[in-house]
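K.L.:
sequence first, predicted model second:
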Amino acid sequence: MEDVKQTNSLKKSWTKKRDAKAEKLNSLGSIASGKVIPTERIVESFEVLISPGDRVSLEGNNQKQASFLSGALNQVSPEQIYDLHMIMSSISRPEHLDIFEKGIARKVDFAYAGPQSLRIAQMLEDDEVEMGEIHTYLELYSRLLVDLTPSVALVAADKADTEGNLYTGPNTEETPTLVEATAFSDGIVIAQVNELTDELPRVDIPGSWIDFVSVADKPYELEPLFTRDPRHITDLQILLGMMVIRGIYERHEVQSLNHGIGYNTAAIELLLPTYGEQLGLRGKICKYWVSNPHPTLIPAIESGWVESIHCFGGEVGMEGYVKERPDVFFTGNDGSMRSNRTLSQLAGQYAVDLFVGSTLQMDQFGNSSTVTSGRLAGFGGAPNMGHDPRGRRHSTPAWLNMMTSDEPLARGRKLVVQVVETFQSGNTPVIVESLDAIDVGRNADLATTPVMIYGDDVTHVVTEEGIAYLYKTTSMEKRREAVAAVAGVTPIGLNHNPGRTADLREKGIIAIPEDLGIRRTDAKRSLLAAKSVEELVEWSEGLYNPPAKFRSW
């Protein structure tokens, strides 16, 4: 037996990945100067460092895009590099899909494809893309450490030195996760940077994790994704915000929370210093946040509502404001924010009391999806934060308030709130009998229906008609009744027996604005703490520097 072990040990190599990497690095020859690849030779370098069939992780999330590297990958020879397996948080740029049409890439695992959702749906139908899975962000990051470990990672940073140390500034986001999963499994890590410098403000990723850096021909793309102009907030959205504050945040003592993108949540943020103050709620709710640095949070921060915010990523124009508010934001000694998409996703999943989001479609049982007919948008991080994590063990007043039993083993729940207007523009109902996602999933040959948030995780649905307290329902039929009661004049709402509404109100399963002490006529723009981007700048004492497209003065 000992002889067999010795023979096998002699024959087997345990450093195949490391040896293959060393061979590629040596093959690069004189193209690179140390760790620096000249800008004009990045495509040539890719054709040496990337092999057919490699798993390539390309940074491109909601906001920060490794746009120089994605453009370079689109220029490689399909005869030399083909059938790549792409791993992308977000399919958001045209070249992300161009590489599939050219045959450079064949398979994709991703989390979100908002800007390219129509195109990828068509390409799947035309068999131009092989689908791996549609993930949540955290799920995709986790698989990088298991069965989707990258051969190559292409990432973006603000600055680097010649040793490869990276400074990511306020937009660190997912970069450390992509780099670590690749670097420590003998993959190749290439970072595009805006600037090569002798001295960095701080080191966010050590050079020993980075194989090469290349100065981009122009700074990486950064989208002000979470900026909402208060001028576009409607009276209806203000009504929804008032109901959320009074009927959910106050009622359940919500202290920690995540707000997603949208005018509904922007309205809530701008109502805290006014309507929330009228209710005497400062210091009682909305103290700890996991979100991007939303400009519409500035009045709440300035008026003492917010104690801390940990961010998934930065927001264009908020850099100066964040630097001057280190008691609120997580910042480095240089003053710039340290964001981390992976850690914020974890915090949003396990540490907060409440997630509030919206959707394009919701069925009669509260299941929702942003995947609709002809669109394969994906999920992003909503399912991570928009569910009740069964592994949670710490308690808060809001979590305990969800208990509906006094049994010894009863547990609390995270609040998962869906805020929707019953109709989209074009008179399209949001609340429907059956999700389009069922047919889309079937047509795309997906193993499961692409549901964003499952109805049994949703605790509250808020529409202009009122709030459905779904956590109080005891059966699927009662859940359906509660959703229908706030579905307005959608087909689901019209089929609801009005006589049941009074019974549901009596039992506290639904509440209309009047039940919460809210007069619909009070839902006016005059309640907003800031009614324009210009007023947000004034609240910030001039520290907020909004992008030009948001300037109207």
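P.N.:
Thanks, I have the structure now. Numbers count the residues shown, from 1 in each chain.
K.L.:
stretch 480-500 - what's its average pLDDT?
P.N.:
The average pLDDT for stretch 480-500 rounds to 93.
K.L.:
quick check: buried residues in stretch 422-434?
P.N.:
Thr422, Phe423, Pro429, Val430, Ile431, Val432 (16 or more other C-beta atoms under 10 Å). Any C-beta I mention is one placed from the backbone N, CA and C, and that applies to glycine too.
K.L.:
OK, contacts around the fifth one?
P.N.:
Spelled out, it's Ile431. Counting by C-beta atoms under 8 Å, 6 or more residues apart in numbering, Ile431 touches 361-364, 420, 422, 463, 483, 487-488, 490, 492-493.
K.L.:
need phi/psi at it.
P.N.:
Ile431 adopts backbone torsions of phi -90, psi 120, taken as degrees, to the nearest 10.
K.L.:
residue boundaries of the helices in the stretch 251-400 of the chain?
P.N.:
Applying DSSP state H, counting those that start in this stretch to the stretch 251-400 of the chain gives helices spanning 251-252, 263-271, 277-278, 298-302, 319-323, 341-346, 382-385, 397-401.
K.L.:
what's the least confident stretch among the ones you listed?
P.N.:
Among the helices of the stretch 251-400 of the chain, helix 382-385 scores lowest, at a mean of 92.
K.L.:
against which helices or strands is that one packed?
P.N.:
helix 137-143, strand 354-357 (3 or more C-beta pairs under 8 Å, 6 or more residues apart in numbering; DSSP states H and E).
K.L.:
pairing partners for the shortest one, with directions?
P.N.:
Read it as strand 354-357. strand 256-259 (parallel), strand 415-419 (parallel) (DSSP bridges).
K.L.:
other residues contacting the last one?
P.N.:
Under the contact criterion C-beta under 8 Å, 6+ apart, strand 415-419 has outside partners 240, 244, 248, 252, 254, 264-265, 353-359, 362, 366, 368, 386-388, 398, 402, 453, 457-463.
K.L.:
if you set the cut-off to 7 Å instead, what comes out?
P.N.:
240, 244, 248, 252, 254, 264, 353-359, 362, 368, 386-388, 398, 402, 453, 457-462 (C-beta atoms under 7 Å, 6 or more residues apart in numbering).
K.L.:
Asp503: which element?
P.N.:
helix 498-506 (DSSP states H and E).
K.L.:
what residues of that helix count as buried?
P.N.:
Arg500, Thr501, Leu504, Arg505.
K.L.:
helices and strands around that helix, which ones?
P.N.:
On a contact count with 3 or more C-beta pairs under 7 Å, 6 or more residues apart in numbering; DSSP states H and E, helix 498-506 meets helix 476-485.
K.L.:
what's the following helix or strand after the helix it packs on?
P.N.:
That would be, after helix 476-485 and using DSSP H and E, helix 491-494.
K.L.:
which elements pack onto that next one?
P.N.:
Counting by 3+ C-beta pairs under 7 Å, 6+ apart, helix 491-494 packs on helix 476-485.
K.L.:
how about a cut-off of 8 Å?
P.N.:
Counting by 3+ C-beta pairs under 8 Å, 6+ apart, helix 491-494 packs on strand 431-432, helix 476-485.
K.L.:
which parts of that helix are buried?
P.N.:
Buried, per 16+ other C-beta under 10 Å, within helix 491-494: Ile492, Gly493.
K.L.:
for that helix, output the C-alpha coordinates as CSV.
P.N.:
Provided in CSV are the C-alpha atoms of helix 491-494 (Å, rounded to 0.1, in the frame of the first residue of the first chain):
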residue,chain,number,x,y,z
PRO,A,491,-58.1,42.7,-12.6
ILE,A,492,-57.1,41.2,-9.3
GLY,A,493,-58.5,44.1,-7.3
LEU,A,494,-61.8,44.1,-9.3
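K.L.:
touching it from outside, list them.
P.N.:
Gln364, Thr422, Pro429, Ile431, Val432, Glu433, Glu465, Val483, Ala484, Ala485, Val486, Ala487.
K.L.:
next: stretch 512-525.
P.N.:
233, 235-236, 238-239, 242-243, 246-247, 465-467, 505, 531.
K.L.:
got a ChimeraX select line for the buried ones in the residues you listed?
P.N.:
With 16+ other C-beta under 10 Å as the criterion, this ChimeraX line picks the buried residues out of the contacts of stretch 512-525:
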select :233,235,236,238,239,242,243,246,247,465,466,467,505,531
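K.L.:
so of the contacts of stretch 512-525, which ones are in helices?
P.N.:
Applying DSSP state H to those, the entries found in helices are Asp235, Leu236, Ile238, Leu239, Met242, Met243, Arg505.
K.L.:
what's near enough to touch the fifth one?
P.N.:
Going by C-beta under 8 Å, 6+ apart, Met242 touches Leu271, Tyr275, Pro513, Ile518, Asp522, Ala523, Leu527.
K.L.:
same list, the ones in helices among the contacts of stretch 512-525, but as a markdown table with distance to Lys64 please.
P.N.:
Below are these laid out as a markdown table (distance: C-beta to C-beta, whole Å):
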| residue | distance to Lys64 |
| --- | --- |
| Asp235 | 35 |
| Leu236 | 33 |
| Ile238 | 32 |
| Leu239 | 35 |
| Met242 | 35 |
| Met243 | 35 |
| Arg505 | 46 |
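K.L.:
of the residues you listed, closest to Ala160?
P.N.:
For those, the closest approach to Ala160 (C-beta to C-beta) belongs to Ile238, at 46.0 Å.
K.L.:
you'd agree that closest one is up against Ala529?
P.N.:
No. Here Ile238 does not reach Ala529: they are 11.6 Å apart, not a contact under C-beta atoms under 8 Å.
K.L.:
ok so, going back, dump the contacts of helix 491-494 to JSON lines, plus distance to Trp539.
P.N.:
Formatted as JSON lines, the contacts of helix 491-494 follow (distance: C-beta to C-beta, whole Å):
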{"residue": "Gln364", "distance to Trp539": "42"}
{"residue": "Thr422", "distance to Trp539": "32"}
{"residue": "Pro429", "distance to Trp539": "37"}
{"residue": "Ile431", "distance to Trp539": "36"}
{"residue": "Val432", "distance to Trp539": "39"}
{"residue": "Glu433", "distance to Trp539": "44"}
{"residue": "Glu465", "distance to Trp539": "33"}
{"residue": "Val483", "distance to Trp539": "37"}
{"residue": "Ala484", "distance to Trp539": "41"}
{"residue": "Ala485", "distance to Trp539": "38"}
{"residue": "Val486", "distance to Trp539": "34"}
{"residue": "Ala487", "distance to Trp539": "37"}
